[in-house]
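**Q** A structural model of the following input is requested.
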Amino acid sequence: MFLNGGGMRGGPVHHHIEGVPLLGELRTARKYRFYSVRDEFPALVPVAEGGAAIVGELYDLPMDMLHRSLLPAEPPELELGTIELEDGRPSFAMLLRREVLEQGSGLIDITEHGGWRAYRGEGSG
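**A** Below you'll find the predicted structure:
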């Protein structure tokens, strides 16, 4: 599971995946725009062009823990989807729901920052 916000180490929902092996910090393929939703959490959006690589953390998250612990903690504006990592591998990730993007309310495009921590001024990524 690719996490790029509060589920990353030190984030407010990371405790939901405590003990799950971190496979590494890496980036998505250059196919995504990145938004701050009400300045509360980030959201990935796949795009046909104009995308960037976004920093996150990849975890070896068991499916039962995903459904039992992590998904219930995610904001309703996000949904489970599949993304492409920088090296071409697929991964589960949380994506912004299309209807939220279309409404546009409370969205700030933060793609240029390349990651949630960088946008928040919290160091790398």
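**Q** which stretches of this structure form strands?
**A** All strands of the chain, identified by DSSP state E, fall at 2-3, 22-27, 32-37, 41-46, 55-59, 78-84, 90-96, 107-109.
**Q** looking at it, Ser69 is touching Glu18, isn't it?
**A** No - Ser69 lies out of contact with Glu18 (Cβ atoms under 8 Å); the separation is 9.4 Å. C-betas here are computed from N, CA, C, even on glycine.
**Q** Of these two, which one has the most company?
**A** Ser69 (17 against 7; other Cβ atoms under 10 Å).
**Q** Burial check on the residue lying closest to that one once chain neighbours are set aside, number of neighbours?
**A** Distance criterion Cβ to Cβ, 6 or more residues apart in numbering; nearest residue to Ser69, sequence neighbours excluded, is His16 at 4.4 Å. His16 sits with 20 neighbouring residues when counted by other Cβ under 10 Å.
**Q** mind checking which of the strands of the chain is nearest Gly10?
**A** When these are compared by Cβ to Cβ, strand 55-59 sits nearest Gly10, at 10.4 Å.
**Q** Compute the mean per-residue pLDDT across the closest one, please.
**A** Mean pLDDT, strand 55-59: 98.
**Q** So which elements touch that strand?
**A** Packing partners of strand 55-59 (3 or more Cβ pairs under 8 Å, 6 or more residues apart in numbering; DSSP states H and E): strand 2-3, strand 22-27, helix 116-120.
**Q** show me the residues around the most centrally placed residue in the chain that make contact.
**A** Among the residues of the chain, Asn4 comes closest to the average C-alpha position under Cα atoms, centre = their mean, at 3.4 Å. Going by Cβ atoms under 8 Å, 6 or more residues apart in numbering, Asn4 touches 34, 42, 44, 54-57, 93, 115-116.
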